[in-house]
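> Fold the stuff below for me.
(2 chains)
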Number of protein chains: 2
Amino acid sequence: MRQNAFILKGNICYAKTKEHLVGVEDGYLVCVQGISQGVYPVLPEQYRGLPVVDYGQRLIIPGLVDLHTHAPQYPFRGLGMDLELLEWLDTHTFPEESRYSDLDYAKRAYEIFVEDLRQSGATRSVIFGTIHTPATVLLMELLEAAGVKAYVGKVNMDQNCPDFLREADAGASVKDTRDWLEGTLGKFRNVAPILTPRFAPTCSGPLLEGLGELQREYGIPVQSHLSENLSEIAWVKELFPWSECYGEVYGHYGLFGGEAKTVMAHCVHSTDSEVELMRRKGVYVAHCPQSNVNLSSGIAPIRRYLEEGLLVGLGTDLSGGATMSMFRAMADAIGVSKLYWRLVDQEKKPLTMEEAFYLGTKGGGAFFGRVGSFEEGYELDALVLDDTGIRTTRRMETRERLERYLYLAEEGGRIAAKYVGGVEVFG
Amino acid sequence: MRQNAFILKGNICYAKTKEHLVGVEDGYLVCVQGISQGVYPVLPEQYRGLPVVDYGQRLIIPGLVDLHTHAPQYPFRGLGMDLELLEWLDTHTFPEESRYSDLDYAKRAYEIFVEDLRQSGATRSVIFGTIHTPATVLLMELLEAAGVKAYVGKVNMDQNCPDFLREADAGASVKDTRDWLEGTLGKFRNVAPILTPRFAPTCSGPLLEGLGELQREYGIPVQSHLSENLSEIAWVKELFPWSECYGEVYGHYGLFGGEAKTVMAHCVHSTDSEVELMRRKGVYVAHCPQSNVNLSSGIAPIRRYLEEGLLVGLGTDLSGGATMSMFRAMADAIGVSKLYWRLVDQEKKPLTMEEAFYLGTKGGGAFFGRVGSFEEGYELDALVLDDTGIRTTRRMETRERLERYLYLAEEGGRIAAKYVGGVEVFG
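Numbering: from 1, shown residues only, chains lettered A, B, ... in the order given. Here you go, the predicted structure:
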């Protein structure tokens, strides 16, 4: 476990801005007390005494940030992909999630999820659990032990869901959530709780009211879903007829940005007023391209969001998304943006590789603070990538190797080492 | 090398029709002289003496058929994905392909391609080489030795391409092609030549005329590209103003179905008359979803093609597609069909898993004859799939395991054994 002060040497690559990818071949990345001291082509005098881990020609990139995923859905990833959101929830998701009332089952399932996450490219994740406090605490403990950083949410839902997965009422849901917060807040080094109303349809007004109060009392962040599917949006309008847009439902209760740091998954069909509200309140968009394809939701207009200055990161959204790979999320973000350009709006040019890489690192990382880059002062999350298994006759530059790795991470790529907050997770 | 008569035992799954997936748990797949004798839940008396290879709970599926790929583009897979077709050809493809004039380079590059193909899920492929006869023959020899079956084409192009990759003139191109056919036709057990005009813009009328004559003389099949990109289509109309549709350019010279078995890659933007011509002439469509996304081409209307009775299979289209994985091609075919439904035409419902699996096996397999199924009389190409690395708490049925494997082949899946034409390639 290298932790205090050390140097990683290799072909270093990170996003400075959406447009500007920095590549330093044979560079030095200096870490002191878990914080990057910057990247240097020549090691400055002051760091010459530090131990160097020399990764040769390996790529070294910031850890990837998954802004939206559901741990309890991992057992059925890649299944039931012939349905849209609301039918998919009833058929697959709710029955699976109900099993987490059994802590033994939760342990078996979450151990698989956490071990795979530990081995993946994600160093930070924002995670939905279930309504069950013991299972959610267990998930937090497993993540803590694995050394990956995460926000984890006990889910709230008190209406419009099956009896077997509904909390008794708003009062009970809020009380359970308060108890869970008291039991977990500040308890972990790597893991912290996040308020998690499932989505507007499954949350009564009194429940959202209570969660808003908890947010203000404890000052913790918020995650939920927003404008993923057209039927879902119509349903929200029926349930909350006073709302001008879906996002305003959360906003009305103080669960939509501003003082409450908030991430909303999907935003595929957000209206102009919703986009403006997100921008004004600093709400993060968790763009989940693979899930939006699998559940036939559509394509979120990410180019527009970037042009309008919204905060955007990427999510895998297991198990609407089939894969935990954040490399795939970056490649998919590029892919769907090309189809959006071709099929929807030729004014919105496709995302570049640089932009997708930014979204998967620094864009999402901002939700965790100074995370997702190697600039001085950033928390040091890093991946060391071995791409020798992606065989070729070509000599390639660092940028080319990175582009290729996004597309082929799972076909010949290998994560040779992983660091989170300056701590080596494996390597 | 198991070859003459044997039985594979496991959880067997194959497409009988587009709608009908057959699953036989603990079933017996009987192979005699390379030909399937059918699948049985209980082994018939007459086969009881044959040796059984027992794969336990493994899945056994037909080998996958890649109807369109470019071997020489493999070295730059996953690179240069920010361009559309015509710029991408000039920037990446043509310079790389020119290197195959050097047989040493060709050997280094094709050895990588062939070894990766051997290990992949594809048992049959339809492959573009380059204009270079020696390199193309080398590719055929390597494929033959690897034991995977393929049609391989020496590319023809005599106009509208860089000097370094243009054949001298139509006569020279046709003569080289004739010599190549004489040298390779009937020479291999696994590999056969296919006529390969690159695409209409790079082929003069006299060249297409000459290739049509070769087709009739030798009776061999044809492959090319069709209606992939809007600029390409406009260019073809300029070059061949007399043509009613792009496909008619090939058709005019006898290179578009009918007596000439033909596969056309892409067909993203085919007009009504082109679709009707393909149907009438029995032209195969090689649907390459990942490539069509990567090069911003669009989404081919596969539901329509199936409804209208066209012959359709799938292709990886390296390196417009970044990956050689035919599992990924099946999953991508489903994915883009969902976006087509959502964004283009809600009358065209998304492809089901069963349909995508059919396209990746029996649909494309038909181009090779009785290939792509385990029904009696089919050539026995088979994959044995180990999905124990895709860990879950779930007990799953065969169909669920197959669906999941399509999405997660590269993330925990492993091909445990591969048979082509009744011969074990590895296992």
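> what does the stretch 1-150 of chain A put close to chain B?
Neighbours of chain B within the stretch 1-150 of chain A, by CB under 8 Å from any CB of the partner chain: A:74-82, A:105, A:108-109, A:112, A:116. Placement of C-beta: from N, CA and C, glycine included.
> of those residues, buried ones?
Neighbour-count burial within these applies to A:74-82, A:105, A:109, A:112, A:116; the criterion is 16 or more other CB atoms under 10 Å in any protein chain shown.
> ok, A:Leu208 - contacts?
Residues in contact with A:Leu208 (CB atoms under 8 Å, 6 or more residues apart in numbering or on different chains) are A:Pro197, A:Ala200, A:Val249, A:Tyr250, A:His252, A:Tyr253, A:Leu255.
> my read: the third one touches A:Ser243, true?
Yes - the pair A:Val249 and A:Ser243 passes the contact test of CB atoms under 8 Å, sitting 4.9 Å apart.
> For those two, list the residues in contact with both.
A:Val236.
> element containing the closest residue to chain B within the stretch 1-150 of chain A?
Distances between the stretch 1-150 of chain A and chain B by CB to the nearest CB are smallest at A:Gly78, namely 3.7 Å. Using DSSP states H and E, A:Gly78 sits within no helix or strand.
> Which per-residue confidence value corresponds to A:Cys1?
Check again: residue A:1 is Met, not Cys. Note on A:Met1: pLDDT of 44.
> which bits of the stretch 251-400 of chain A sit near chain B?
Residues of the stretch 251-400 of chain A that fall close to chain B, judged by CB under 8 Å from any CB: A:290, A:293-294, A:296-299, A:322-325, A:331, A:334-336, A:338-339, A:341-344, A:350, A:352-353, A:390-394, A:396, A:400.
> one more time with 7 Å, if that's ok
Within the stretch 251-400 of chain A, the positions lying close to chain B (CB under 7 Å from any CB of the partner chain) are A:293-294, A:296, A:298-299, A:322-323, A:325, A:334-335, A:338-339, A:341-344, A:350, A:352-353, A:391-394, A:400.
> Put together CSV for the contacts of A:Leu208, with secondary structure, neighbour count and pLDDT on each row.
Formatted as CSV, these follow (DSSP: H, G, I helix; E, B strand; the rest coil; neighbours: other CB atoms under 10 Å in any protein chain shown; pLDDT from 0 to 100):
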residue, secondary structure, neighbour count, pLDDT
A:Pro197, strand, 27, 98
A:Ala200, helix, 27, 97
A:Val249, helix, 26, 98
A:Tyr250, helix, 29, 98
A:His252, helix, 17, 98
A:Tyr253, coil, 23, 98
A:Leu255, coil, 28, 98
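> between those residues, which is closest to chain B?
When the contacts of A:Leu208 are compared for distance to chain B (CB to the nearest CB), A:Ala200 wins out at 21.9 Å.
> distance of that closest one from A:His225?
Going from A:Ala200 to A:His225 by CB to CB, to the nearest Å gives 8 Å.
> one step back: restricted to helices, list the residues of the stretch 1-150 of chain A next to chain B.
Those of the residues of the stretch 1-150 of chain A next to chain B mapping onto helices are A:Tyr105, A:Arg108, A:Ala109, A:Ile112, A:Asp116, per DSSP state H.
> any idea which helix or strand carries the residue nearest to the fourth one when sequence neighbours are not counted?
In other words, A:Ile112. Excluding the flanking residues, the one nearest A:Ile112 by CB to CB, 6 or more residues apart in numbering or on different chains is B:Arg391, at 4.8 Å. Under DSSP H and E, no helix or strand contains B:Arg391.
> Please apply the same query to A:Tyr55.
Going by DSSP H and E, A:Tyr55 is part of strand A:52-62.
> ok, residues contacting that strand?
With contact meaning CB atoms under 7 Å, 6 or more residues apart in numbering or on different chains, strand A:52-62 is reached by A:2, A:6-14, A:29, A:361, A:372-374, A:381-387, A:398, A:401-402, A:405, A:416.
> go with 6 Å
Strand A:52-62 has contacts (CB atoms under 6 Å, 6 or more residues apart in numbering or on different chains) with A:7-14, A:361, A:372-373, A:381-386, A:401, A:416.
> Kindly report the same for stretch A:403-421.
Contacts of stretch A:403-421 (CB under 6 Å, 6+ apart): A:34, A:58, A:123, A:147-149, A:325, A:327, A:330-331, A:353, A:379, A:381-387, A:389-390, A:425-427, B:78-79, B:322-323, B:410-411.
> which parts of the helix or strand harbouring A:Leu181 are buried?
If you go by DSSP H and E, A:Leu181 is part of helix A:170-184. Buried residues in helix A:170-184, counting neighbours by 16+ other CB under 10 Å, are found at A:Ala170, A:Ser173, A:Val174, A:Asp176, A:Thr177, A:Trp180, A:Leu181, A:Thr184.
> Would you mind identifying the next helix or strand past it?
Counting by DSSP H and E, the next helix or strand C-terminal to helix A:170-184 is strand A:191-193.
> Now tell me what touches that following strand from outside.
Strand A:191-193 is contacted by residues A:Met140, A:Leu143, A:Glu144, A:Ala150, A:Tyr151, A:Val152, A:Leu181, A:Thr184, A:Leu185 when judged by CB under 6 Å, 6+ apart.
> rerun at 10 Å
Applying CB atoms under 10 Å, 6 or more residues apart in numbering or on different chains, the contact partners of strand A:191-193 are A:125, A:127, A:129, A:136-137, A:139-146, A:148-154, A:177, A:180-187, A:218, A:220-221, A:368.
> Apply the buried test to those and list what passes.
Listed as buried from the contacts of strand A:191-193 are A:125, A:127, A:129, A:136-137, A:139-144, A:146, A:148-154, A:177, A:180-181, A:184, A:220-221, A:368; burial here means 16+ other CB under 10 Å.
> Which members of the residues you listed occur in helices, if any?
Short answer: the buried ones among the contacts of strand A:191-193 in helices (DSSP H) are A:136-137, A:139-144, A:146, A:177, A:180-181, A:184.
> can you list the weak-confidence ranges in the stretch 1-150 of chain A?
Scanning the stretch 1-150 of chain A with the threshold set as pLDDT under 70 gives A:1-3.
> any chance you could map the strands in it?
Applying DSSP state E, counting those that start in this stretch to the stretch 1-150 of chain A gives strands spanning A:5-15, A:21-32, A:35-40, A:52-62, A:64-70, A:122-128, A:149-153.
> And the stretch 201-350 of chain A, by the same measure?
Using DSSP E, counting those that start in this stretch, strands in the stretch 201-350 of chain A cover A:222-226, A:262-266, A:284-287, A:311-314.
> Quickly run through the sheet partners of the third one, with directions.
Looking back up the chat, that one is strand A:284-287. strand A:262-266 (parallel), strand A:311-314 (parallel) (DSSP bridges).
> Give me the domain ranges for chain A.
Following automatic domain parsing, one gets these domains for chain A: A:5-62+A:373-426, A:64-368.
> Check the offset of the last one from the chain's centre.
With CA atoms, centre = their mean, to the nearest Å as the basis, domain A:64-368 stands 8 Å off its chain's centre.
> quick one on the thing from earlier: find the residues that touch each one of A:Ala200 and A:His225.
Shared contacts of A:Ala200 and A:His225, counting by CB under 10 Å, 6+ apart, come down to A:Glu232, A:Tyr246, A:Tyr250.
> Nearest to B:Ser98 among those residues?
Using CB to CB, A:Glu232 comes nearest to B:Ser98 of the shared contacts of A:Ala200 and A:His225, at 52.3 Å.
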